[in-house]
Structure formats: structure tokens, C-alpha cells
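> dropping a prediction and its sequence here:
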Amino acid sequence: MFNGWDLCHTTSPQPKSADTLPTEFSCTGTPQAYQNGSLWLRIPAQDLPADIAEEPALLVHYSRFDRLDVTFLYADGTRERQSVRNGDFAGHWRIGGQLEFAPPVRTAPLQGIVLHFTRLASQDMLRLRLTGRDEAASRTTTLALWVGGALTLLLIGTLYNAVLAVSLRRQFPLWQAAWSGGMLLWGTVWSQAHLMLVPGLAGAFSAQLCSALACLAITCATFSAITSIGTHDVPRLVRRTVLALATLCSLLGLPISFIRTGPVDLLAAIIGVLLMLTMLSVGGCLAFAWRKGSPEARNFATAWIFPIILLSTADFVGSSTLFRGGGPQLMVIFAAAWQTLWLAAAASRTHARLRQEH
């Protein structure tokens, strides 16, 4: 949850004011009954390196809550509280899907930090990181450059595939344009770049929209891959089954994305399994068609090798700390950009060869 540690917590089934901090915290067990109320987390300062304690910057990578109050406690009794809420992140949002809280520098040492979440959807999905202020600024700048580059590649891929669909008059480039366009929107919303234009979308709605866009994007990618393969390369029943599975991802994923109470983690796991089954089914179709000599299947399989390896190993390499804190989400954007550009280049070579033969 926080730099690899479990934090002490206390909860309330009803929302509470952040003006009065709790006096008792439990450092064992799992928080319960907080989705419609309050969840308090305490970060002890004695466990922090001296350079971080002097000029702390707290990074929060999850925003499915109604309100977050962060209170910095100092040894001289001074308190510094900073708050964000749905629709108003003020100056705390940063590119890379994170919120930053950095209190004024004081001569008194930092004693602790208390976080107060109102109507948090899931504490298991919450990612916190405490670092020095200079390090946080460096992370934000690097993430902004990486996110900007990846989104630019996705924009190019989207436009190119849309033009290619008109030129070739085939389905798969259009579905590919829909996939890359969906990932472009997903990356823009996840990174919070859209808040530069519409700051009122800050918070839970944007996080839920990301989940919905991810389900739609996987559906479009599946239709792109399957429609690129000739009907003689994969049995018709198999094609229809895989497309039905991809459609189910969106039919179930869209309403589940906007659920904020109840077994949120379980529902997310179910959608994750369904998405994985869809990807495996697409991979099986591509492998079968490749063996039968389909050049389209070979192109799609080559394009998906890197993204699948990257996403499959994300949970085993501590990806939440990679890419300057961008984690698996940034890996997804780069993987989507790679896949989109590779397929665009492959389609261009095929189109050029057909024109030459004609």
C-alpha cells in the first residue's frame, strides 16, 4: 500500500469531519465498512529517511473517493492540512495519474501524516508514495515527457489507421483506429492531462471512465485482429465465439466500471479474468491462422508479442515503482503505441505491395 508497508488505520461507517483526528489506530487486520464513510491512515515519521522528513511530498495514485484530507503533524504541535475533492483537485494534480501533497518547510521535525478518505472505493487499489520534494518534481517532469510522447504516437496511429481504413475499404483498420483512439482517450484521462481543459472532471468519474475505456479498447482490438484474418483461416464458429467474448467484456465492464460500493475488488478481478481470456482466445486464433500461412495473422501476432509479454510480467517486476511511478498504466500506453505503429507499418507495406502488383 505505502512503499511496501501496511499502514495503521481506523474507519467509520459514516463520513466524519477531518477537523478532529482519531486518537486510536489499528495496525493489524484489514479496514472494513469505509466505502460509505471514512477511512483514516497514519504514516509514522520515525520510519522515514531524514531527507524525506525535512521536505516531504506525498504522492497518491488512486482517486476513487469523494474527498481526501492530508494532515501533516509536526513536533511543535503545528498542523498543515491540504484537501482535494471530486471535481476540484486545485493545484495538487500531476501528470501521470497522481496527486501531490507538499506542506511548507518548517523548522520543527515532521511527526506523522494522517490521510482521511471520504467514500473511498477500495483501499486495496490505493497506491501511496512518500518522497523528497525535489525527487517528486523530477518524477513529475519525466512522467509528463513520457506520457506526452506516448500519447502523440497513439494520435498518429489513430489518424493513420483511420485514413488507411478509407483507402483499403476494410474493417480491420477501422477497428484498429478505434482501438488506438480508445487507448489515446484512456491515456489522456488516466494521466489527468484532460484536467488542463476540463478541471471539473477531476476525481472518481475520470477513474471510472478509464476502466470503461479499457474494456471498450480491448473489444475494439479483438474485432480488429479477428476481422483481419480471412474466414478460411479460422473456423466461423471460433470467430463468432471470440467476438462474442470480446463483446461481453464491454457489456459487463461498462456498468461494473461505475460501481463504487460493494465487492469492487472482486468485480475488478472478474473483469480482469474475462479480459485475459479474450486476449488468450485472440492469441490462439492468430497462432492457428499463422500456421495456415496467413500474413495478416503473422503481422498481428508480431505486433502483440511485446505488449503481451510486458503486461503479463508487470505484476512480477514491481511495476508500480517503475517508470518514475507511472507503473503498469504507463507500460500499457507504450505497449499500445508500439502495437498500433507496428500494425500501421505492416498494413502500409501490404498496401504498397498490392498496388505494385496491380
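Arrived safely.
> just give the number of residues close to A102.
19 (other C-beta atoms under 10 Å). Where C-beta positions appear, they are placed from N, C-alpha and C, glycine not excepted.
> phi, psi of it?
Backbone torsions of A102, given as degrees, to the nearest 10, read phi -130, psi 110.
> that one against D134, yeah?
No: between A102 and D134 there is no contact under C-beta atoms under 8 Å: 10.5 Å.
> shared neighbours of the two, anything?
Listed as contacting both A102 and D134 by C-beta atoms under 8 Å, 6 or more residues apart in numbering are E55.
> G181 reaches I156, doesn't it?
No: using C-beta under 8 Å, G181 makes no contact with I156, being 11.6 Å away.
> those two - which one has more neighbours?
Each of G181 and I156 has its neighbours counted (other C-beta under 10 Å); G181 has more, 22 against 16.
> tell me the pLDDT of that one.
Listed pLDDT for G181 reads 89.
> for A301, same thing?
78.
> next one: L120
92.
> how about S206?
Looking at S206, the pLDDT reads 90.
> ok, now which ones touch it?
Residues near S206 by C-beta under 8 Å, 6+ apart: 63, 189, 192, 194.
> just checking, the first one touches F205?
Right, the one you point to is S63. No: assessed by C-beta under 8 Å, S63 is found out of contact with F205, at 9.6 Å.
> more crowded one of those two?
Ranked by neighbour count (other C-beta under 10 Å), S63 and F205 place S63 first, with 25 against 16.
> gap between the more buried one and A335?
Using C-beta to C-beta, to the nearest Å, S63 is found at 23 Å from A335.
> for G253, see how far away G200 is.
In terms of C-beta to C-beta, G200 sits 25 Å off from G253.
> from one end of stretch 122-133 to the other, what's the distance?
27 Å (C-alpha to C-alpha, to the nearest Å).
> in it, what counts as buried?
Buried residues in stretch 122-133, defined by neighbour count with 16 or more other C-beta atoms under 10 Å: 122-123, 126-133.
> cool, stretch 177-194 as well?
177-194.
> what segments of the stretch 51-200 of the chain are helices?
133-168, 171-190 (DSSP state H, counting those that start in this stretch).
> which helices and strands does the first one pack with?
With contacts defined as 3 or more C-beta pairs under 8 Å, 6 or more residues apart in numbering; DSSP states H and E, the packing partners of helix 133-168 are strand 56-60, strand 98-101, helix 171-190, helix 327-357.
> please enumerate the strands of the stretch 1-150 of the chain.
8-12, 38-44, 56-60, 67-74, 79-85, 93-94, 98-101, 110-118, 128-132 (DSSP state E, counting those that start in this stretch).
> how about JSON lines for these, with distance to P263 added?
Formatted as JSON lines, the strands of the stretch 1-150 of the chain follow (distance: least, C-beta to C-beta, whole Å):
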{"stretch": "strand 8-12", "distance to P263": "17"}
{"stretch": "strand 38-44", "distance to P263": "17"}
{"stretch": "strand 56-60", "distance to P263": "23"}
{"stretch": "strand 67-74", "distance to P263": "23"}
{"stretch": "strand 79-85", "distance to P263": "25"}
{"stretch": "strand 93-94", "distance to P263": "29"}
{"stretch": "strand 98-101", "distance to P263": "26"}
{"stretch": "strand 110-118", "distance to P263": "18"}
{"stretch": "strand 128-132", "distance to P263": "23"}
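> if you average pLDDT over each of these, which is lowest?
Taking the mean pLDDT of the strands of the stretch 1-150 of the chain, strand 128-132 comes last: a mean of 85.
> now that strand, how far from the chain's geometric center?
Relative to its chain's centre, strand 128-132 lies at 19 Å (C-alpha atoms, centre = their mean, to the nearest Å).
> now, among the buried residues of stretch 122-133, which is nearest to A212?
For the buried residues of stretch 122-133, the minimum distance to A212 (C-beta to C-beta) is 16.6 Å, reached by S122.
> so the closest one sits against F65, correct?
No: contact criterion C-beta under 8 Å: S122 and F65 do not qualify, at 9.8 Å.
> stretch 23-31: end-to-end distance?
16 Å.
> go through that stretch and flag the buried ones.
P31.
> got JSON lines for the helices and strands packed on helix 133-168, with distance to K292 too?
Below are the helices and strands packed on helix 133-168 laid out as JSON lines (distance: least, C-beta to C-beta, whole Å):
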{"stretch": "strand 56-60", "distance to K292": "50"}
{"stretch": "strand 98-101", "distance to K292": "47"}
{"stretch": "helix 171-190", "distance to K292": "17"}
{"stretch": "helix 327-357", "distance to K292": "17"}
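> follow-up on the earlier one: most packed of the helices of the stretch 51-200 of the chain?
Of all those, helix 171-190 has the most neighbours on average by mean count of other C-beta atoms under 10 Å, namely a mean of 24.
> that one - contacts with which helices or strands?
helix 133-168, helix 204-228, helix 327-357.
> just give me the lowest mean pLDDT stretch among the ones you listed.
helix 327-357 (a mean of 70).
> and stretch 82-91, what's buried?
Neighbour-count burial for stretch 82-91, counted by 16+ other C-beta under 10 Å, picks out 82-84, 86, 89.
> for stretch 108-115, same thing?
Buried residues in stretch 108-115, counting neighbours by 16+ other C-beta under 10 Å, are found at 110-115.
> cool, stretch 259-267 as well?
Residues of stretch 259-267 classed as buried: 260, 264, 267 (neighbour count, 16+ other C-beta under 10 Å).
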